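In: quick check, what structure comes out for this input:
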Amino acid sequence: MIGRYLIRELWAPLVAATLLLSTLFFVMAFLRGSELLLGSAVTPFDFAKFTLSLVPSFLVQTIPIATLLAVLVGIGRLADDGELAALFSVGLSPRAFVRGPLLLGLLLTGVMAVLTFSLKPWGIALMKATAQDIIRRNLVGDFKPGTFQEEVSGFTFYAESVDRGGAWKNVLLFDGRDAKSPLLALAPSCHIESDPSADWIGFSLEDGVLHRVAAETDEYTAMQFGRARFRADIGEAMFRKNSFRLGHDEYAPLELLAEAERAGQLGQPSAPFLAAFHWRVAQVFLPLAFALLATPLALVRRSGARGRSWGQALGLYVAFFVTARILVQMGEKDRLAPWVAGYLPLLICAVAGVALLWRAERRGLA
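Out: Predicted coordinates:
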């Protein structure tokens, strides 16, 4: 009975916190990618697809802290209204209050599993494909003649003008991807080549001169060409210019295991992939652990609980993830077993919740 009653109390703050935090994360993502999303080639459909692709990633981040906040606010409301004192006076123990939050945490753990293993990898793939298509169209649509452009990683290019057909005139293109042997191409015209299904964009220069310098020997070479093609990775450009740095988030959990196995076969460190995998799995169970931790914390606060819940939830969340980040980095550097680094933060949270609940049972809250 008390479990169902608490779940009804927790739903409203859970939904409100999830929506608020997801909106905040979206605003931060929009600011990081403003140059990409505000380009002339972006359509409302592009914006909608990009937003949809980020939703699973936002939910993975917001659901754990929303669970923590919902338990603190929901049970705190009972304390403010005097309902906790009344329930304790009829003989209910602190242990009775943990069933509802744990049931909610278990349900949200299932949601986190679906997001982590299925929807989040799908969203990241959609986001990359959408962003690469946008940056390809922005590169052509927003090109400014008479200025040097560096939107594409490793390339600097300049064109005096653009004709009606979209061809660049009197072009300079510097290819610095190979620092030991950079290339400089000068040509009277250049056409843009692209494939919507690929993550590259091509520059096709005609009737120009190619200059090459070998940095180690200072050897200089110049040659004329009828046509020269350069192919650039616009996916890399997107992440560099718009601050979308996914790191291991780019991989699905099972892909992390595959990358770890591949790294081992090549004689490279596999610990970074293994630590990321175990931490990704541990995150699935965070709603359950946070529900267990937040319940005894909320029970011992009798007045003004609602006003302090946001600050307490934020403080706990920051402390937990700072600790988790330190441990995971130790796992990535192989200073700690990757599975220990991944699951230890979750275990600390769960043990702290059990200890606080045991303490509340021993001392009593009536």
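
In: mind checking the SS state of residue 42?
Out: Assigned by DSSP: H, G, I helix; E, B strand; the rest coil, the conformation of residue 42 is coil.

In: could you do residue 206 as well?
Out: Quick answer, by three-state DSSP: residue 206 is strand.

In: so it bridges to which residues?
Out: Counting by DSSP bridges, residue 206 is bridged to residue 189, residue 227.

In: that one and residue 226 touch, don't they?
Out: Yes: taking C-beta atoms under 8 Å as the definition, residue 206 is a contact partner of residue 226 at 6.9 Å. (Glycine included, C-beta is placed from N, CA and C.)

In: and the two? Which one has more around it.
Out: residue 206 (15 against 8; other C-beta atoms under 10 Å).

In: tell me who's in contact with that one.
Out: Counting by C-beta atoms under 8 Å, 6 or more residues apart in numbering, residue 206 touches 187, 188, 189, 190, 191, 226, 227.

In: residue 66 versus the third one, what's the distance?
Out: In this view, residue 189 and residue 66 are 56 Å apart by C-beta to C-beta, to the nearest Å.

In: okay, those two: which has more neighbours?
Out: More crowded of residue 189 and residue 66, by other C-beta under 10 Å: residue 66, with 25 against 16.

In: burial measure for residue 43, as a count.
Out: Neighbourhood size, residue 43 [other C-beta under 10 Å]: 10.

In: show me where the stretch 51-200 of the chain has helices.
Out: For the stretch 51-200 of the chain, helices defined by DSSP state H, counting those that start in this stretch occupy the ranges 83-89, 94-97, 99-114, 120-141.

In: helices or strands up against the shortest one?
Out: Read that as helix 94-97. Applying 3 or more C-beta pairs under 8 Å, 6 or more residues apart in numbering; DSSP states H and E, one finds that helix 94-97 contacts helix 2-32, helix 286-299, helix 338-363.

In: list the helices and strands the first one packs on?
Out: Read it as helix 2-32. helix 44-80, helix 94-97, helix 99-114.

In: what's the angle from the longest one to helix 2-32?
Out: Computed with axes from the mean of the first three to the mean of the last three C-alpha atoms, to 10 degrees, the direction of helix 44-80 lies at 140 degrees from that of helix 2-32.

In: please identify the buried residues of helix 44-80?
Out: For helix 44-80, the neighbour count (16 or more other C-beta atoms under 10 Å) marks 46, 49-51, 53-60, 62-80 as buried.

In: and residue 5, how close does it get to residue 357?
Out: According to C-beta to C-beta, residue 5 and residue 357 sit 19 Å apart.

In: equivalent analysis for residue 344, please.
Out: For residue 344 relative to residue 357 (C-beta to C-beta), the value is 20 Å.

In: quick one: closest of the helices of the stretch 51-200 of the chain to residue 337.
Out: Closest of the helices of the stretch 51-200 of the chain to residue 337 is helix 99-114, at 23.6 Å (criterion: C-beta to C-beta).

In: would you mind getting the angle between the closest one and helix 286-299?
Out: If you take the same axes, to 10 degrees, helix 99-114 sits at 160 degrees to helix 286-299.

In: from the contact counts, what lies against helix 99-114?
Out: In terms of contacts (3+ C-beta pairs under 8 Å, 6+ apart), helix 99-114 is packed against helix 2-32, helix 44-80, helix 271-284, helix 286-299.

In: now those helices as a markdown table including distance to residue 318 and mean pLDDT?
Out: Converted to a markdown table, the helices and strands packed on helix 99-114 look like this (distance: least, C-beta to C-beta, whole Å; pLDDT from 0 to 100):
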| stretch | distance to residue 318 | mean pLDDT |
| --- | --- | --- |
| helix 2-32 | 13 | 82 |
| helix 44-80 | 10 | 85 |
| helix 271-284 | 16 | 92 |
| helix 286-299 | 13 | 88 |
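
In: could I get the ones you listed as a markdown table with distance to residue 126?
Out: Formatted as a markdown table, the helices and strands packed on helix 99-114 follow (distance: least, C-beta to C-beta, whole Å):
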| stretch | distance to residue 126 |
| --- | --- |
| helix 2-32 | 14 |
| helix 44-80 | 4 |
| helix 271-284 | 19 |
| helix 286-299 | 24 |
